[in-house]
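Q: what follows is a predicted structure for the sequence shown.
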Amino acid sequence: MMKECSKRYLAISAIVVLLIGLSSYFIYRAAMHESTDSKLEALKPNIVKELNQRYHEKFKVIKGKYNAQSKTYSFIVETDSMPDEQFTVITDLMGKGAFVSNFLQTRQAIESAKLVESYFKGVARDYKAVAGGVSISPLELPEAQRYLSAVALDNLHGQALHLNEWIKTSHQAMIFGGTIKINIKETPQNILKVLEVVYQLNHYFLSKDFFGYGIDVQLMDLPEKPQFVTFPLSYEIFARQQGWETNKYTWATISISNCTPNGVKKTCGDKPNIPEYAYIGKSIKSPLDVAQYFKFIPRRPAKYDSLIYGEQDSWVITRRAKFSDSKWLIDTPMYQQIKDIYNKDNKQQENNHG
């Protein structure tokens, strides 16, 4: 009987100890949760102040959390200039030194895409661009100009300049590139619209005196209900299934570039960096000059051999552009139609101003 009572006592004692331990744990967790929440709230003004000063933007904290394992805080923030984007903040335990690892790159890419897209507003309803600028390597500049590369990098990453200010202060050491996909029907009138806005965009790039730039335009004719692509168009059309489908319906391309021959940088794209190849942009004096770089792409796939699946279809644009029946616009009957429309419009404008 004594043994049974002793066992029962020990069991009850163990349960009591366990309950006390559990209650202490939950009390501790509750206290920690409360202190963590108050700490998070206290850190928010510090985070906003640090980010506003660093990036010259107005930030707001959406949410934050405490990671007990690493004993760190993380915050999700937004800015007025990019309301559709959210960023993760990296900071110390006091909310000091706050920064966003990909913020400047993201902001610059968005501002660059908007710059390119602004020229195509009246051309079509559906279009999307990806674009951006980079600082040229100092090794591709003459020794006396290599400091310009460091200046360009500091203006973007150190001074956190917006795109328009970065271009003003760093254009001599910048290379700017952009690709835009436009959903548009193949007609002489539509092609002329594209030639005119590409001419305007090229003129803008020339006026900024970039070290180099490149413009790629892809014209596509999407069905009303594509299999993968959704409307309005998103950046997904440059990758994955949507990218494959937009390639499939691409019927023409335009590629224009311009470089600065300086005796150090040897190439301009895949060509030698000499005036014959480097000054394509400078050679364009009217929308009709853009037609020299407008190429029709056959609307059928290229073939390639897969080691696993044998012969396969490929809708990659560069492969299809190598078909023998790919044609430059200036070598087609449609070019004369476009010239006639262009000359008629110009004459009409002259009469209106006369």
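A: That came in fine, so what should we check first?
Q: how far away is N67 from Y73?
A: Going from N67 to Y73 by CB to CB, to the nearest Å gives 7 Å. Quick note: C-beta positions are derived from backbone N, CA and C, even for glycine.
Q: which one of those two has more residues nearby?
A: Y73 (21 against 9; other CB atoms under 10 Å).
Q: now the strand or helix carrying the more buried one: mean pLDDT?
A: Here Y73, judged by DSSP states H and E, is contained in strand 72-79. Mean pLDDT, strand 72-79: 86.
Q: what of stretch 109-121?
A: The average of the pLDDT scores along stretch 109-121 is 96.
Q: can you name the next helix or strand after the strand holding Y73?
A: Moving toward the C-terminus from strand 72-79, the next helix or strand (DSSP H and E) is strand 87-89.
Q: what about V229, neighbour count?
A: Other residues close to V229 by other CB under 10 Å number 24.
Q: hmm, W244 and it touching each other?
A: No. Here V229 does not reach W244: they are 9.7 Å apart, not a contact under CB atoms under 8 Å.
Q: pLDDT weak spots in the stretch 1-150 of the chain?
A: Residue ranges of the stretch 1-150 of the chain with pLDDT under 70: 1-36, 92-98.
Q: go again using 90 as the cut-off
A: For the stretch 1-150 of the chain, the stretches flagged by pLDDT under 90 are 1-51, 53-56, 63-75, 80-81, 83-84, 88-103, 105.
Q: ok, which stretches of it are strands?
A: In the stretch 1-150 of the chain, the segments counted as strands under DSSP state E, counting those that start in this stretch are 59-67, 72-79, 87-89, 126-135.
Q: what does the second one contact?
A: To tie it back to what came earlier, the one meant is strand 72-79. When contacts are defined by CB atoms under 8 Å, 6 or more residues apart in numbering, strand 72-79 is touched by residues 39-40, 43-44, 47-48, 51, 55, 57-67, 85-91, 93, 95, 98, 100.
Q: export the strands of the stretch 1-150 of the chain to a markdown table and tack on distance to L192?
A: Formatted as a markdown table, the strands of the stretch 1-150 of the chain follow (distance: least, CB to CB, whole Å):
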| stretch | distance to L192 |
| --- | --- |
| strand 59-67 | 44 |
| strand 72-79 | 39 |
| strand 87-89 | 42 |
| strand 126-135 | 17 |
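Q: measure E245 to N183 for me?
A: In this view, E245 and N183 are 12 Å apart by CB to CB.
Q: burial check on A278, number of neighbours?
A: For A278, the count of nearby residues is 22 (other CB under 10 Å).
Q: next: the one 4 residues further on.
A: Around K282 sit 12 other residues, with neighbours defined as other CB under 10 Å.
Q: against S137, how distant is the nearest residue to Y279 once chain neighbours are set aside?
A: Distance criterion CB to CB, 6 or more residues apart in numbering; nearest residue to Y279, sequence neighbours excluded, is N258 at 6.4 Å. Distance of N258 to S137, computed by CB to CB: 18 Å.
Q: between these two, which is the more surrounded one?
A: Neighbours were counted for N258 and for S137 using other CB under 10 Å; N258 has more, 23 against 13.
Q: and the pLDDT at that one?
A: For N258, pLDDT reads 96.
Q: residue contacts, it?
A: Contacts of N258 (CB under 8 Å, 6+ apart): 202, 205-206, 210, 212-214, 268, 278-282.
Q: and the buried ones among those residues, selectable in PyMOL?
A: In PyMOL, this line selects whichever of the contacts of N258 come out buried by 16 or more other CB atoms under 10 Å:
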select buried, resi 202+205+210+212+213+214+268+278+279+280+281
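Q: E117: which of the strands of the stretch 1-150 of the chain is closest?
A: With distances scored as CB to CB, the stretch of those nearest to E117 is strand 126-135 (4.8 Å).
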